[in-house]
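K.L.:
Predicted model, plus sequence, below.
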Number of protein chains: 2
Amino acid sequence: MSTSSGAHGGSVTMRDVAKAAGVSVATVSHVVNDKAGARIGEDTRLRVQEAVAALGYRPNALAKTLSQGTSRFIGLVTDQVATTPFAGQIIHGAQDEAWKHGYVLLVANTDGNEAVEGDAIAMMLEHQVHGILYSTWYHREIAVPEALHQTDTVLVDCFASESGLPSVVPDEVQGGRTATQELLAAGHRRIAFINTTTPSPAQSGRLAGYRSALEEAGIAFDEALVVPASPEQEGGYDATAAILASGATAVFCHNDRVAMGLYDGLRDQGLRIPDDIAVIGFDNQEVIAAHLRPPLSTVALPHYELGATGVRVLLGMESAPTSGPLLIACPSIRRESV
Amino acid sequence: MSTSSGAHGGSVTMRDVAKAAGVSVATVSHVVNDKAGARIGEDTRLRVQEAVAALGYRPNALAKTLSQGTSRFIGLVTDQVATTPFAGQIIHGAQDEAWKHGYVLLVANTDGNEAVEGDAIAMMLEHQVHGILYSTWYHREIAVPEALHQTDTVLVDCFASESGLPSVVPDEVQGGRTATQELLAAGHRRIAFINTTTPSPAQSGRLAGYRSALEEAGIAFDEALVVPASPEQEGGYDATAAILASGATAVFCHNDRVAMGLYDGLRDQGLRIPDDIAVIGFDNQEVIAAHLRPPLSTVALPHYELGATGVRVLLGMESAPTSGPLLIACPSIRRESV
DNA sequence: CTGAAAGCGCTAACAC
DNA sequence: GTGTTAGCGCTTTCAG
């Protein structure tokens, strides 16, 4: 508190440190950045470090960026990711990975509004982002915003076949297969699948996975076992009758919410899970899955990994196949409903 | 695509525009920023604007910040907010509000790790943030990280009495009162309250609100009606017997998860909601509340508003009382369980 | 009405 | 080993 330096306002610059230590700014720069080939006398180094500490010097990252010409920002623009419950993990993963490599995340939520989206991208470009991660809150195909072509961009949890942009998405097929295999492993042979009525990579992918697991197990696919439902609690509840009628001993639900609805329906019929009928979900929406009675076994959507992998791809440390999206595995989460 | 300008790399600078338009950079700066007192000839202005468009010029926000000495960044450091389901709304609110005033949010999730926290704050300071919003994922008292004193900071969803730092938190008392009033308004007189066993502003605040609503309605407080429970589904489920024994016709649950558990318990007893017993929750955790059967009436935690108000306070457009935190109202969300 | 020039805080050759 | 000197892209007096 001796000098008026420390806190706010007239922040301490490198020049101040140089003056205090009786050296030049170049020298300060060298010791502050631990420059490789910079041979600095032990005494000078110490004097500088003391001055830095004494004055509470803090480098100005913006000035550094300007002179180096290369920024350490990575942009993340999302439609709803920041808002939707579990997908916030995309941000989390991206942030952790970015930090690990010395980058800082600039986040923008657009609420799916194109104008906002344009502004967000512009703002990021003006901040010299190294590149942009463009993500959606559920896996789907998108039309790439024009502005994105002005910088490196990688699509996260979405894709755009024609664009040629690298993309990172969950492996829905493997996920569907995994869910089904869990049921198979528990001894079930007649497995129903409550699929969503909404066309999407999840709808077709999970179904494909379900079929492939069945086939692998030598079980014939039975059209009657896949029952369509709206992808919510209501859908699951309403599907109860059809499930019961199908004679299935286990059911793979398109997502955890559907499973939650089915739980209610099954319960109304006096059926017990997993004794009378086994249930597995998809998404691993914590609030729901972990606390249903009994806790729901499910397959997780790898949001954190999606975000982290996205920045790795952006930074060129990993690359997406030219043929299509980079698929991230959906791991099985075992609880007590199977 | 004519010049090698447009996209990547050698991004177009103001000098390029100046040269193209046959004017000086100063002039370009003036027209680009629509400088107030800058009287520029109509023709010159047009020439510049054309050059800007033709070259795809984009101002370098970092350089601008450097020369102006004032940044447009606001930092948001959180412990888990980015990860936890509903609290992501804090980010959302902060971001929207920041943008509205021309600021950009720098987000950092610390996972509650102090070292990471220190790094995050340092990084923000190095990026010359205008100030920092420090938030937690649930309302509580905190010890303010030393580093925060180096810049303007406002606490969001947390407070530190001794610090003197402005703070914005949900009004737990009003929330508890509101929940109770909803039940009262539906004609109930014997209302139970399943409170959490964890000491916290929520625990004491909601209880105070419950009592005040009762008093206001001329109903004596009955100790036997408040049943303690762990603040989760399990707690709610386990509280069922006590609730039934209490003879209450309605119950106010400490949070939605507890209500979810209670739903299960009540159901096991063959009771119907709200016919046999009314239930109201707290938090408004969408995934749960909106989709329980019947949909759960609850009181919302104003996360979005918390974030938005936080930046308003930081920007000096609103101010917290010196006596304590700025209280944000928790609105009633009516669904079908009352 | 427009341009020249200094300077924001820092880095990066290149001297000494 | 350490200091000098140009910039980085932009804003901002101050001349003309």
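P.N.:
Arrived safely, thanks for sending.
K.L.:
Can you work out which other helices and strands pack against the helix ranked longest in chain A?
P.N.:
Taking DSSP state H as the criterion, chain A has its longest helix at helix A:201-216. If contacts are counted by 3 or more C-beta pairs under 8 Å, 6 or more residues apart in numbering or on different chains; DSSP states H and E, helix A:201-216 sits against strand A:132-141, helix A:172-185, strand A:191-196. No exception for glycine: its C-beta is placed from N, CA and C like everyone else's.
K.L.:
Assign residue A:251 to one of the three secondary structure states.
P.N.:
On the three-state scheme (DSSP: H, G, I helix; E, B strand; the rest coil), residue A:251 is labelled strand.
K.L.:
The residue nearest to it when sequence neighbours are not counted and residue A:213: what is the separation?
P.N.:
Using C-beta to C-beta, 6 or more residues apart in numbering or on different chains and skipping residues adjacent in sequence, the residue nearest residue A:251 is residue A:192, 4.3 Å away. Per C-beta to C-beta, to the nearest Å, residue A:192 is found 13 Å from residue A:213.
K.L.:
Ok, residue A:287 next?
P.N.:
28 Å.
K.L.:
circling back to that earlier point, pretty sure the residue nearest to residue A:251 is in contact with residue A:226, am I right?
P.N.:
Yes: if you go by C-beta atoms under 8 Å, residue A:192 and residue A:226 touch, sitting 7.2 Å apart.
K.L.:
between these two, which one's more packed in?
P.N.:
Shown here are residue A:192 and residue A:226; by other C-beta atoms under 10 Å in any protein chain shown, residue A:192 has more neighbours (29 against 18).
K.L.:
For the more buried one, give me its contacts.
P.N.:
A:225-227, A:243, A:246, A:248, A:250-252 (C-beta atoms under 8 Å, 6 or more residues apart in numbering or on different chains).
K.L.:
Redo these as TSV? Include pLDDT.
P.N.:
Shown next, in TSV, are those (pLDDT from 0 to 100):
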residue	pLDDT
A:225	98
A:226	97
A:227	98
A:243	98
A:246	97
A:248	98
A:250	98
A:251	98
A:252	98
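K.L.:
What is the nearest of those to residue B:76?
P.N.:
residue A:252 (39.3 Å; C-beta to C-beta).
K.L.:
what's the residue in chain A that DNA strand C sits nearest to sitting at in phi/psi?
P.N.:
As assessed by C-beta to the nearest atom of the strand, DNA strand C sits closest to residue A:14 within chain A, at 2.9 Å. Taking degrees, to the nearest 10, you get phi -60, psi -30 for the backbone angles of residue A:14.
K.L.:
That one touches residue A:25, doesn't it?
P.N.:
Yes: counting by C-beta under 8 Å, residue A:14 touches residue A:25, with 5.0 Å between them.
K.L.:
Kindly check the end-to-end length of stretch A:272-281 for me.
P.N.:
Terminal residues of stretch A:272-281 are spaced 16 Å apart (C-alpha to C-alpha, to the nearest Å).
K.L.:
can you list contacts of it?
P.N.:
A:179, A:182-183, A:186, A:188, A:243, A:248-253, A:255-256, A:258-259, A:262-263, A:266, A:271, A:289, A:294, A:296-299, A:336-338.
K.L.:
Let me know which of the helices and strands packed on helix A:201-216 is tucked in deepest.
P.N.:
strand A:191-196 (a mean of 26; mean count of other C-beta atoms under 10 Å in any protein chain shown).
K.L.:
That one to helix A:201-216, inter-axis angle?
P.N.:
Orientation check (axes from the mean of the first three to the mean of the last three C-alpha atoms, to 10 degrees): strand A:191-196 against helix A:201-216 gives 170 degrees.
K.L.:
can you give me the offset of strand A:191-196 from its chain's centre?
P.N.:
26 Å (C-alpha atoms, centre = their mean, to the nearest Å).
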